[in-house]
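**Student:** Next input, structure requested:
(4 chains)
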There are 4 protein chains.
Amino acid sequence: MTSSNRAPALGFTSDNIAGASPEVVEALVAASAGQANPYGADPYTESVERRLCEIFEREVDVLLVPTGTAANALCLSAMTPPWGNIYCHASSHINNDECGAPAFYTNGAKLVSVDGPAAKMDPAKLLEAARAKVGDVHSTQPACASITQATEQGSVYTVGEIETIGDACKAANIRLHMDGSRFANALVSQGCTPAEMSWKAGVHALSLGATKNGVLAAEAIVLFDRSLAGELAFRRKRAGHLFSKMRFLAAQIDAYLKDDLWLRNARQANAAALRLMQGLGGIEGVEVLGAPEANIVFCKLPEALIEKLLGAGFQFYHDRWGKGVVRFVTAFSTTFEDVDGLVERARAV
Amino acid sequence: MTSSNRAPALGFTSDNIAGASPEVVEALVAASAGQANPYGADPYTESVERRLCEIFEREVDVLLVPTGTAANALCLSAMTPPWGNIYCHASSHINNDECGAPAFYTNGAKLVSVDGPAAKMDPAKLLEAARAKVGDVHSTQPACASITQATEQGSVYTVGEIETIGDACKAANIRLHMDGSRFANALVSQGCTPAEMSWKAGVHALSLGATKNGVLAAEAIVLFDRSLAGELAFRRKRAGHLFSKMRFLAAQIDAYLKDDLWLRNARQANAAALRLMQGLGGIEGVEVLGAPEANIVFCKLPEALIEKLLGAGFQFYHDRWGKGVVRFVTAFSTTFEDVDGLVERARAV
Amino acid sequence: MTSSNRAPALGFTSDNIAGASPEVVEALVAASAGQANPYGADPYTESVERRLCEIFEREVDVLLVPTGTAANALCLSAMTPPWGNIYCHASSHINNDECGAPAFYTNGAKLVSVDGPAAKMDPAKLLEAARAKVGDVHSTQPACASITQATEQGSVYTVGEIETIGDACKAANIRLHMDGSRFANALVSQGCTPAEMSWKAGVHALSLGATKNGVLAAEAIVLFDRSLAGELAFRRKRAGHLFSKMRFLAAQIDAYLKDDLWLRNARQANAAALRLMQGLGGIEGVEVLGAPEANIVFCKLPEALIEKLLGAGFQFYHDRWGKGVVRFVTAFSTTFEDVDGLVERARAV
Amino acid sequence: MTSSNRAPALGFTSDNIAGASPEVVEALVAASAGQANPYGADPYTESVERRLCEIFEREVDVLLVPTGTAANALCLSAMTPPWGNIYCHASSHINNDECGAPAFYTNGAKLVSVDGPAAKMDPAKLLEAARAKVGDVHSTQPACASITQATEQGSVYTVGEIETIGDACKAANIRLHMDGSRFANALVSQGCTPAEMSWKAGVHALSLGATKNGVLAAEAIVLFDRSLAGELAFRRKRAGHLFSKMRFLAAQIDAYLKDDLWLRNARQANAAALRLMQGLGGIEGVEVLGAPEANIVFCKLPEALIEKLLGAGFQFYHDRWGKGVVRFVTAFSTTFEDVDGLVERARAV
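**Tutor:** Residues are numbered from 1 along each chain as shown, chains lettered A, B, ... in the order given. The predicted structure is shown next:
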């Protein structure tokens, strides 16, 4: 997707401002005709389940839901009692951006921050935290950990890092959840298999993102610990996330996973981010903050440059993470022309 | 929609097995291109809000969600404290078919059954129940009532009946919710205005159904008591029902409401049900149970006939509501040919 | 306790208006001196646990709490998921008089009424209810049943009746809770052993009442299904029911169980009720409604008589259960003089 | 209470290992005779309410509960929506020692740590935190702050400090709760009035401790923001904290407040702590950590000394807050002889 005759896209605020991949839209159109059994007893849902078993090289349980917050909160609700601790990084989406959804779904479990550089949890600190006050009735109890892959800062856990986290969880007898809102971006960044980046490294439940990477609104909960599946069926219904016309969620994910669309989309988003970093990095006064490992670029820009870019219609978040710090997010639909347009404009200032 | 060259649809189990209206699908395709602001700051959402204000002839607050269970549970969660009573008919969807979603969203409010014929609440009984034990700290407290329009049995509250319920709620100082999963079917059945069938009759919050009547998966919470809107924004997010790519919910509802598609769809579904009743009613051994007021037909069929129809591939629920009792549900996509095919087959037995 | 030099007690509204047995008060005084380890690591708590194991003829787990509502709600919270059904009689305390405590503690489980005469659940109806919709994701799921012994109407389940309920629970694969707010009154009424009336008949968890029968404020959760104990320790703390100075709960229950005080108290209460029934039954115009099996008497009284008794300072509930229907509740502290005083006054009218 | 003929008390782990003041026990004995109306309609409860209005020099609403965790969690549940932030110090009891009670009672509100020296919140940091992300639907929302007086470290907020916190709350439009588990100790330490240390400084709701300072098990919720009272009556019942024999909670608090017993008890506890600090401070190798402002003393002791004291039967927590750090807690029942016994033993090592 390096050329198009459309007007350049000026938005770099998030990958959630993109539309949907044509393949996904076509699948939805095709699925819209005729009758199908409701609540997941349709061929699209069956196909998604089969694809995910193949992709993850094992039997998995799958529950489709419309949003990442739903996927995360549902997973966590099955992995902790109401008096449990959920260990996560302070900068994680579940901690900052879901309006307390984990506490709502778990009936009060506690998000406990575990620090670490680059928005990644330090496994040693995790282990220490998860071994404290075990059995002490006055204290909420270690229950599970949740890591974000790729992280909210655009960094990516290596397989080895996930394994170390997984080992810490095993040592502390807690479960591990992965918020894979940008799982595909992380996967193509690491060049490993989906299995290696999840259950083989100790992940029990995965929120497999799709919305940010090419579908309209659909995410898949993928359970490697299949003992969680029974209760999650009830929890999903009870939360209003069981679609009667499930085929419309399923058709999206089915197309997303078919013919490696999800990986192609992620590669484009990552490549666009890299190109953006390289382009901006060559401009005087711009400081690139860390190499982008997925589809997010952080830089420090002069105030005048920020204003010029905004004035030219570009959109991005700035000054949230520090004075002059700008975050650019690319998406599957971000073309190199889109990137080059921004870089050229920046260079012209 | 009285002819088509497609194969006849054999499913009459529910209106949730239908696909989507072409107009809705086209709108979705159109919305899938380009960038749009997330979380409802897009032009589709704005358009939906404007349309609903026009349709209901007043200012309303609107929250789009993907399922009817979400719409109902969210509405109720803003209308009762955790120790409140929600009065509903024993046969209501919130009581039987949402796996306790109201109790989850409200943190424990109690569904209290109020009887009445044809799945409709008796206003006098409602008033009596809602006046009992007020202020008694040992008892859960009257908070709101919820009526389903059209009901789960296919009956429809008249405007006068809703007004009487609304008056009872006002007298008892509780709020009134309407589960309008089949609001359009009820509306065209009654031939009144949306305003007359809702807020003018005393309804504070409406779950406006669309999924069963032509969209893929989208419902609108319409708030006439606008004091509920503030907290519902947080509740929706917290429940994982705030879509990042909100335009895809909005585009569906926008197309649904445009050019009276929702009313045309409902008229077709209701007409198909009427035709089915008339067709089956003329067959010896078939007893029609009440005249269909919307898109649901109940009949009593001989066992042999039920088996023949099932054997011919037709699908419907039977023997759930009594020996030999069959429920047929038609949808916007049910053609007269579909109906006639079933009737002819039944007549042939 | 057939004589005293105190003024006659005029209150018959409930057994919760009585004070405390002298033995219990003395134990509390003795326990109030010196230091003791907090949170149950004190000798009084240990003694209570030992006594309860002896009384129930097996190992049990014990959690002391201050109120019956806490005991019931905590027990139930460990016996059902949030989407579970708790089967109970419509007239039960958990259904009517705890302001939704079960729903709060369970995060939304549903109280489902199962009818039966004399405030007792019909086992056949229980079995039917608990076998419906199992595994249906749209419906809350069978989880446990709760019976009250003695019931809120003063009737008592026989051991055989409890066994039949227990068998139904076993057949439906659900657990059985007993609200034993008046367990002692029922026990002496039936003349069986505590074991026969509880775990031998299929009860998994018992709220063993004491407050109504001679202590100040203390109840014991007795767990026969010991797998429930682990989570209940956290649930109790989390609910604010773990006393730091636990010895003061324990000293009450310890004295209550010592030297059969609990049984002696219950016998006095029951005997007073019987005497009251016999006395009132001999008065023209008075209709005794059922023989009292524990310490509650229901009669129908002429309006004039009700007013005379109230005018004379007697206290009781009337006209709640029907025109002219009066409920008298006796307690461990009700003397025969108290009873005779009321009867004489009634006879004089 | 500077002499006694009892054996010296060796426990310094907490003030919750003490028994009860004789005056309180006597009041309980007196209250145990005769009948009284249940659920708070008794003269003891009325007396407590009157006393608290006098003590706080204004109308207040009062709810009695048996534990501090219940008092705190109930107060907080009325001061935040489920998606609210409760600002507290990281070392606070609600954050560490209540097994998530605030999250349970509030249905998921978030405890957000605000730092500050000596276990006291920094008002500037509080204000900053409480002004962040207001109205942002993705984030839990500022709702209330909770301060502990005296703190868990034994420090005490001055009236001026509370006023500054109160001003910050007002500026951020949030409410202020005070966990006054050791309110009396703080009060006599500061030499101010109860009004000055609470509502005059901006406190809306107070958990007024009594259990640690001389009663068996009773605490008072004191509401200065009287709009909270209505819902708290239902919340208390629903949580199982409404006592039927309320007089037994009330009699304790009534005696506690009568004739300044609560203040006398607190003075003794504080004086004992001061004496302990002075005694230990004079011993070589002992480092007193901060001057005790209430009834808690922190020191650094040589390992050998810790072991000797433990070996002599003394009880206290050590090495939880750092290597060699010991916490001694005195109580109303701690005599100077008790203190001197410990000091002499330490000196002898």
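**Student:** buried set for the host helix or strand of A:L126?
**Tutor:** A:L126 belongs to helix A:123-130 when assigned by DSSP states H and E. Within helix A:123-130, the residues scored as buried using 16 or more other C-beta atoms under 10 Å in any protein chain shown are A:123, A:126-127, A:129-130. (C-beta placed from N, C-alpha, C; glycine too.)
**Student:** A:L76 should be in a helix, yeah?
**Tutor:** Yes - under DSSP: H, G, I helix; E, B strand; the rest coil, A:L76 falls within a helix.
**Student:** Spit out the contact partners of the closest residue to it other than its chain neighbours.
**Tutor:** Of all residues not flanking A:L76 in the chain, A:P102 sits nearest, at 5.0 Å (C-beta to C-beta, 6 or more residues apart in numbering or on different chains). Residues in contact with A:P102, defined by C-beta atoms under 8 Å, 6 or more residues apart in numbering or on different chains, are A:72-73, A:76-77, A:86, A:94, A:109, A:111.
**Student:** can you pick the most crowded of these?
**Tutor:** A:N72 (31 neighbours; other C-beta atoms under 10 Å in any protein chain shown).
**Student:** Check the secondary structure at that residue for me.
**Tutor:** Assignment for A:N72 (three-state DSSP): helix.
**Student:** Got phi/psi on the residue in the stretch 201-349 of chain A that chain B sits nearest to?
**Tutor:** The minimum distance from the stretch 201-349 of chain A to chain B, using C-beta to the nearest C-beta, falls at A:G240 (3.1 Å). The phi and psi torsions at A:G240 (degrees, to the nearest 10) take the values phi 80, psi 20.
**Student:** burial measure for it, as a count.
**Tutor:** 28.
**Student:** With A:A291 instead?
**Tutor:** A:A291 - counted by other C-beta under 10 Å - has 12 other residues nearby.
**Student:** And for A:R236?
**Tutor:** 23.
**Student:** which SSE is it in?
**Tutor:** helix A:229-238.
**Student:** cool, and A:L63?
**Tutor:** Here A:L63 is assigned to strand A:61-65, by DSSP H and E.
**Student:** Quick one: check that strand for contact with chain C.
**Tutor:** No - if you take C-beta under 8 Å from any C-beta of the partner chain as the test, strand A:61-65 misses chain C, and the best it gets is 10.8 Å.
**Student:** Quick one: list the elements packing against that strand.
**Tutor:** Applying 3 or more C-beta pairs under 8 Å, 6 or more residues apart in numbering or on different chains; DSSP states H and E, we find strand A:61-65 packed against helix A:43-56, helix A:68-77, strand A:219-223, helix A:229-238, helix A:247-257.
**Student:** Give the partner strands of the longest strand belonging to chain A in its sheet and their orientations.
**Tutor:** Counting by DSSP state E, the longest strand found in chain A is strand A:141-148. Using DSSP bridges, strand A:141-148 pairs in its sheet with strand A:84-88 (parallel), strand A:175-180 (parallel).
**Student:** And the shortest one, how far out from the chain middle?
**Tutor:** Meaning strand A:84-88. In terms of C-alpha atoms, centre = their mean, to the nearest Å, the centre of strand A:84-88 is set 19 Å apart from its chain centre.
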